[in-house]
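In: Build me a model from this:
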Amino acid sequence: MARPNMAEKNTRKRWLLVILAVAVVWVVIAAISGRNHSPLVTVVEVTREPLTSYVTSNGKVEPVSPYVARALYPTFVSSVKATEGQGVRKGELILTLDDSDVRAQLAQARATLLQAQVELRNARAGGPPDEIAQLSGDLEKARVQVANLTRQQKSLEKLVAEQAATRDELAQNRAALAQAQANLGVLEAKRKEQARRASENAAADALAVSQAQDQVRGLEAKVNSATVISPLNGTLYSLPVRTGDFVKLGDVVAEMADLEHVRVRAFVDEPDLGSLAKGQEVQVTWDAHPGEVWSGQTEDIPKQVVSRGARSVGEVLCSVENPKLTLIPNINVTVRILVANLQSALVIPRGAVGFDRGQRYVFVFNGEKLHRQNITVGAASNVKYEVLSGLKEGDKIALPGEAILRDGMRITPVVSQ
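Out: Here you go, the predicted model:
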């Protein structure tokens with residue numbers, strides 16, 4: 001086998017040097033290219049456009065002025081004349097409760113009241129009429145007797161002086177007068193004692209009358225409650241009892257209301273409360289009727305927040321029209337409250353806004369680098385913020401992506417339409 005000559009060796013060395021030089025050039029180009037590469041970042045322009053802002057939350061439907069009938073005493077349901085969910089007219093019979101025991105108690109209470117009223121009248125008159133009449137008659141007789149004996153005593157004293165009557169007669173009359181005066185004193189004391197007792201009894205008798213009247217009124221209310229009648233034109237939306245059921249004191253037996261106008265209690269998160277005001281437009285939706293929307297407006301803005309599970313919320317009351325009576329009390333609904341409807345707002349995407357130590361900010365692109373700019377925002381939709389200060393129309397801002405944005409960072413902009 002022939003060995004390669006010197007010329008072939010030199011040619012091979014030259015090719016190795018060329019390949020090595022090319023490799024070095026590519027490495028240098030790659031290094032320079034790597035140092036000058038800027039990340040691709042999407043930028044958008046600050047524009048003016050219409051902006052509609054809603055606060056969305058959950059809520060519960062309530063009747064505006066419900067009538068709730070409750071059992072005022074333990075008893076049984078005698079009869080039910082209506083059906084849950086039906087429309088009712090004012091004066092329509094809904095159900096009746098057994099009131100036989102209560103009616104017996106009412107009769108006894110009325111008799112007790114009558115007796116107490118008689119005793120009060122007697123006390124205010126000075127005592128029982130028969131006792132007053134008897135004592136008044138005895139007093140009158142005693143006074144007449146004393147008056148007669150007094151006149152007779154004076155007459156006998158003259159006659160004795162004229163020796164026309166004996167001293168024994170005078171003494172006997174004096175004794176009789178003293179006895180009559182003593183009897184009169186006893187009767188007068190008795191009359192005063194009778195008046196004193198009557199005065200003391202009057203206060204107790206008045207209290208007894210008041211208590212008896214309260215008892216009668218309470219029992220009359222129970223008797224009246226045994227017949228449940230609709231006080232309004234509306235809907236019987238709750239009827240939890242049936243004929244023969246036993247009900248305890250305080251149990252609800254029927255609930256009804258005018259459901260053409262309902263109230264929705266919206267549970268709005270604390271940060272959103274500042275944008276709410278009375279009279280704002282409200283839209284209500286219910287999962288059971290997809291596609292249907294009920295309209296209304298805010299009525300009452302809360303002055304405090306309460307805990308609801310893990311949330312801190314304000315309870316916003318909204319009046320809602322319900323002409324088809326579709327919304328029923330106690331259902332859970334979604335509430336959207338229109339808080340802003342701007343025709344020409346300076347807007348940016350919500351995703352472009354950062355938040356740091358209570359301050360919102362964006363990264364503005366000046367053609368070469370990014371610059372962190374603090375901003376103030378106003379109304380917000382699901383995807384955009386209204387900008388109140390910090391930006392002007394036409395500014396370009398960066399949207400976060402794969403690259404972490406920093407103040408002074410160079411980027412290759414990708415303009416988003």
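In: Every contact and neighbour count from this point should use C-alpha atoms.
Out: Noted.
In: how about the strands of the stretch 51-200 of the chain, start to end?
Out: 67-70, 75-80, 87-88, 93-97 (DSSP state E, counting those that start in this stretch).
In: so how many other residues sit close to the closest residue to residue 238 other than its chain neighbours?
Out: Nearest residue to residue 238, sequence neighbours excluded (CA to CA, 6 or more residues apart in numbering): residue 255, at 5.0 Å. Residue neighbour count, defined by other CA atoms under 10 Å, stands at 19 for residue 255.
In: who does the helix or strand residue 255 falls within pair up with?
Out: Assigned by DSSP states H and E, residue 255 belongs to strand 252-257. The strands that strand 252-257 pairs with in its sheet are strand 67-70 (antiparallel), strand 234-238 (antiparallel) (by DSSP bridges).
In: then stretch 389-404 to PDB, C-alphas only?
Out: Only the C-alpha atoms of stretch 389-404 are listed here, as PDB (Å, rounded to 0.1, in the frame of the first residue of the first chain):
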ATOM      1  CA  SER A 389     -54.700  59.400  34.900                       C
ATOM      2  CA  GLY A 390     -51.200  58.300  34.000                       C
ATOM      3  CA  LEU A 391     -51.800  57.600  30.200                       C
ATOM      4  CA  LYS A 392     -53.000  59.500  27.100                       C
ATOM      5  CA  GLU A 393     -54.600  58.300  23.900                       C
ATOM      6  CA  GLY A 394     -52.100  56.700  21.600                       C
ATOM      7  CA  ASP A 395     -49.700  55.500  24.200                       C
ATOM      8  CA  LYS A 396     -48.500  52.000  23.700                       C
ATOM      9  CA  ILE A 397     -48.400  49.600  26.600                       C
ATOM     10  CA  ALA A 398     -47.000  46.100  27.000                       C
ATOM     11  CA  LEU A 399     -49.000  42.900  27.700                       C
ATOM     12  CA  PRO A 400     -47.500  40.300  30.000                       C
ATOM     13  CA  GLY A 401     -46.500  37.100  28.300                       C
ATOM     14  CA  GLU A 402     -43.700  34.500  28.600                       C
ATOM     15  CA  ALA A 403     -41.100  37.200  29.300                       C
ATOM     16  CA  ILE A 404     -41.100  38.900  32.700                       C
END
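In: Spell out, range by range, the helices that occur in the chain.
Out: In the chain, the helices defined using DSSP state H lie at 6-36, 100-125, 129-161, 167-225.
In: between the ones you listed, which one is nearest to residue 356?
Out: helix 6-36 (30.7 Å; CA to CA).
In: quick one: average confidence on that closest one?
Out: Helix 6-36 shows a mean pLDDT of 59.
In: Who are the contact partners of residue 318?
Out: With contact set as CA atoms under 8 Å, 6 or more residues apart in numbering, residue 318 has these partners: 263-266, 282, 296-300.
In: Select from the residues you listed the one having the most neighbours.
Out: residue 264 (32 neighbours).
In: Identify the residue nearest that one in space, chain neighbours excluded?
Out: For residue 264, the closest residue by CA to CA, 6+ apart turns out to be residue 61, at 4.5 Å.
In: And this protein, what are its domain boundaries?
Out: For the chain, automatic domain parsing gives the domain ranges 40-51+343-415, 55-65+258-341, 66-97+226-257, 99-223.
In: closest to residue 20 out of those domains?
Out: Using CA to CA, the domains of the chain put domain 40-51+343-415 closest to residue 20, at 33.6 Å.
In: How far does that closest one stretch from one end to the other?
Out: 10 Å (CA to CA, to the nearest Å).
In: what does stretch 361-370 give?
Out: So stretch 361-370: terminal residues 12 Å apart, CA to CA.
In: Just the mean pLDDT for that stretch, thanks.
Out: In the prediction, stretch 361-370 has an average pLDDT of 93.
In: can you check stretch 331-338 too?
Out: Here the average pLDDT along stretch 331-338 is 96.
In: Now it: buried residues?
Out: Using 16 or more other CA atoms under 10 Å as the test for burial, stretch 331-338 gives 332-338.
In: Need the contact partners of it.
Out: 52-61, 266, 280-287, 298.
In: Please apply the same query to stretch 76-93.
Out: 94-98, 227-239, 241-247.
In: For the residue nearest to residue 264, give its distance to residue 266.
Out: Taken as CA to CA, the span from residue 61 to residue 266 is 9 Å.
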